[in-house]
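> Provided below for reference: sequence and predicted model.
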Amino acid sequence: MIEAQGLTKVYGSKRAVDQATFTVHPGKVTGFLGPNGAGKSTTMRMIVGLDRPTAGTVTVNGRPYAEHRAPLREVGTLLDAKAVHTGRSAYNHLLAMATTHGIGRARVDEVIAMTGLESVARKRVGGFSLGMGQRLGIAAALLGDPRTLILDEPVNGLDPEGVMWVRGLVRHLAHEGRTVFLSSHLMSEMAVTADHVVVVGRGRVIADAPMSEIVDRAREDRVRVRSPRMGELEPLLTGPGVTVTALGPGLAEVTGLQAPQVGDLAAGAGIALHELVPAQGSLEEAYMQLTADEVEYTTQPGTTAPSTTQHEGATR
């Protein structure tokens, strides 16, 4: 279990994390979401003692990370997959970590097999692809068979098979009763992986709830309607807050009315409906609504990125 109480980190005039209070429970996958600059990485670093809080406390399995006699057996972390000696092989990197905690070679072989690194285990890490580096980072996190895992962007650089493997792995670990805390920018992946979500913006916790509750917040009265007589139906769909958006010939999305209301209006006018489907909320919609006022770095509509040629010329 991870428990943060009033966790705060100040760098000069900037509050990277501001009075963050949340609990990550065992037995479920908890997603950690927020815009760039929201304080996610700083929070994760404070959990494992890499940054000292300006105020507040955070404990892992009942005590501060630094007080665990064998932290690798308590907490497995993937915060920066590149933080590896590039001249070592994957096997030697894991063996060096294992030696510091009295972990045997058998466990090193086991996590190498678990993460699919057998064919490259004796190769230098400096030649690894991004995906292989991620797998090595996950292997290191699993090395101590910890009760708690903290994974920052674990699917970064992985191919579709690797993404599905990580999804299955973290859910299996949670099913075993472990605490799993992970961040990701892939909303579609988080939506099918996480059971619970903590959302931060500008260093503050702005949502802390089960995934289903977060998604429900994004639901509004939106109905997808298809009719061969849409031109006749549309004038009937009126009222405060009601909008009709054409999606194609005979197809529209109605906001502000529920499906039964649209159906009753159509039936009253004798208009046939070929489709009447309530819209479903999504994690991405919920996330965008929650963080709309919390984004520190934004682009303006109509702006374009500089061309590759211009960028390269500017850096020469």
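Now that the structure is in, tell me what you want to look at.

> quick check, central residue of this protein?
Ser184 (2.9 Å; Cα atoms, centre = their mean).

> got the contact list for that one?
Going by Cβ atoms under 8 Å, 6 or more residues apart in numbering, Ser184 touches Gly31, Leu33, Glu153, Pro154, Val155, Met190, Thr193. Bear in mind the C-beta positions are built from the backbone N, C-alpha and C, glycine included.

> show me the shaky parts of the stretch 201-316 of the chain.
218-221, 294-316 (pLDDT under 70).

> what about the strands in it?
Taking DSSP state E, counting those that start in this stretch as the test, the strands found in the stretch 201-316 of the chain are 204-210, 222-226, 243-248, 251-255, 275-278.

> only the buried subset of the contacts of Ser184, as a ChimeraX command please.
To isolate the buried members of the contacts of Ser184 in ChimeraX, using 16 or more other Cβ atoms under 10 Å:
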select :31,33,153,154,155,190,193
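
> list just the nearest of the contacts of Ser184 to Arg107.
Of all these, Arg107 sits closest to Pro154, with 20.0 Å by Cβ to Cβ.

> residue contacts, the nearest residue to that closest one once chain neighbours are set aside?
Once flanking residues are discounted, Pro154 sits nearest to Val166: 5.2 Å by Cβ to Cβ, 6 or more residues apart in numbering. By Cβ under 8 Å, 6+ apart, the contact set of Val166 is Ile138, Pro154, Val155, Leu158.

> repeat that for Gly256.
Neighbour list for Gly256: Asp221, Gly239, Pro240, Gly241, Val242, Thr243 [criterion: Cβ under 8 Å, 6+ apart].

> neighbours of the second one, how many?
In this case it means Gly239. 8 (other Cβ atoms under 10 Å).

> for the closest residue to it other than its chain neighbours, give me phi and psi.
Leaving aside its chain neighbours, Gly239 sits nearest to Gly256 (6.5 Å; criterion: Cβ to Cβ, 6+ apart). Dihedral angles of Gly256 (phi, psi; degrees, to the nearest 10) stand at phi 110, psi 0.

> for the residue nearest to Pro154, give its distance to Pro235.
Val166 sits 51 Å away from Pro235 when distances are taken as Cβ to Cβ, to the nearest Å.

> any idea how far Val170 is from the residue nearest to the centre of the chain?
Distance, Ser184 to Val170, by Cβ to Cβ: 10 Å.

> still on that earlier bit, most surrounded residue in the contacts of Gly256?
Busiest of those [other Cβ under 10 Å] is Asp221, holding 16 neighbours.
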